[in-house]
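**Q** show me the folded form of this:
(one chain, ligands or ions: 1)
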Amino acid sequence: MGIIMAAHAIVSRKVLDYPIRILSDSRSVLQALQSYTLTSGLIYECHKALSEVCTTNIVTLQWIKGHSNSRGNDAADILARGGSELKVAGPEPILPLPYAWLRNMLRHNTKVKHQQYWTNLGTCRQAKEALPTINPGLSRRLRLLKRPQLRLLTGAITGHASLNKHLLTMRVTDSPLCRACMEAEETAAHVILECPGVAEYRAQYLGSPGPLPEVVGNIKGLLGFLEELGWQE
Ligand SMILES: [Zn+2]
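**A** Numbers count the residues shown, from 1 in each chain. Model (predicted):
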């Protein structure tokens, strides 16, 4: 704004054929003016105002250290401070926000909304047990898998697999009990974490597994375990 005002002042005084030096303590503005592409409306305005002065004068832009007792620079500082304290008449925000800031804000808000949606969702009980928090890293790793393997893990995470608990819900079988131990409902969590009937395979592929979300993070071990049990796509 300071440079624009300076340029306008020069034009309005009809200054001709003068060498003009404009001092600014803003490196970013001077760099932006030098750039071949303009990404900010204010810099575009500034460029236009300077071009007008340049048609009849020789203009030099020079960087100056801030707060170094330059009369013009200090005056510009005071005006800038006054400007930022003014009440705004119009839609906010007035100063254009940096693109990176907007992008990060959108990313963050999307993440928060996504998590809220997932946490408050009334369905997907088993999947929420396995994946209580949104996990972009795990998603990335899962997307690298081949389709049959991804299908296997999806079955383990959601419980939508050939498990008696699920088959009973689907009315394909008449008992939810685990085929390996006959002691509990045959759910993915039971088979992966508890079932004594498959303890040997569990130890071999998963060691002594922690809670379900942790096991899901061990993609390789879990896949080996499920394949050993004969889980199929
Ligand atoms: Zn069992």
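
**Q** helices of this structure, residue ranges please.
**A** Counting by DSSP state H, the chain has helices at residues 2-12, 27-34, 41-54, 71-85, 99-120, 125-130, 136-143, 147-158, 164-169, 188-189, 199-206, 212-217, 219-228.

**Q** which of those helices sits most buried?
**A** Burial of those is given as mean neighbour count (mean count of other CB atoms under 10 Å); helix 188-189 ranks first at a mean of 22. For the C-beta atoms, the positions are set from N, CA and C on the backbone; glycine is no exception.

**Q** who are the packing partners of it?
**A** On a contact count with 3 or more CB pairs under 8 Å, 6 or more residues apart in numbering; DSSP states H and E, helix 188-189 meets helix 125-130, helix 147-158.

**Q** can you redo the ones you listed as a markdown table with distance to the ion and mean pLDDT?
**A** Compiled in a markdown table, these are given as follows (distance: least, CB to the ion, whole Å; pLDDT from 0 to 100):
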| stretch | distance to the ion | mean pLDDT |
| --- | --- | --- |
| helix 125-130 | 16 | 88 |
| helix 147-158 | 15 | 89 |
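
**Q** could I get the ones you listed as a markdown table with distance to S26?
**A** Output for the helices and strands packed on helix 188-189, formatted as a markdown table (distance: least, CB to CB, whole Å):
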| stretch | distance to S26 |
| --- | --- |
| helix 125-130 | 51 |
| helix 147-158 | 52 |
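
**Q** closest to Q62 out of the helices of the chain?
**A** helix 27-34 (8.4 Å; CB to CB).

**Q** what comes into contact with that closest one?
**A** Contact with helix 27-34 is made by I3, S24, L38, T39, S40, I43, C46, H47, L50, L61, W63, as judged by CB atoms under 8 Å, 6 or more residues apart in numbering.

**Q** wait, what's in contact with the fourth one?
**A** Which is T39. A32, Y99.

**Q** what's the spacing between it and Q31?
**A** 12 Å (CB to CB, to the nearest Å).

**Q** can the worst-scoring helix or strand of the chain on mean pLDDT be found next to the ion?
**A** Taking mean pLDDT, DSSP states H and E as the measure, helix 164-169 is the helix or strand of the chain with the lowest mean score, a mean of 80. No - figure legend: helix 164-169 not in contact with the ion (CB under 5 Å from the ion); closest approach 9.6 Å.

**Q** can you give the distance of that helix from its chain's centre?
**A** Offset of helix 164-169 from its chain centre (CA atoms, centre = their mean, to the nearest Å): 38 Å.

**Q** let me have the helices of the chain in a markdown table, extended by distance to S175.
**A** Putting the helices of the chain into a markdown table (distance: least, CB to CB, whole Å) gives the following:
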| stretch | distance to S175 |
| --- | --- |
| helix 2-12 | 80 |
| helix 27-34 | 71 |
| helix 41-54 | 70 |
| helix 71-85 | 72 |
| helix 99-120 | 32 |
| helix 125-130 | 19 |
| helix 136-143 | 32 |
| helix 147-158 | 20 |
| helix 164-169 | 6 |
| helix 188-189 | 17 |
| helix 199-206 | 22 |
| helix 212-217 | 24 |
| helix 219-228 | 22 |
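
**Q** chain neighbours aside, what residue packs nearest to L226?
**A** L152 (5.2 Å; CB to CB, 6 or more residues apart in numbering).

**Q** now do L206
**A** Closest to L206 by CB to CB, 6+ apart is G221, at 5.0 Å.
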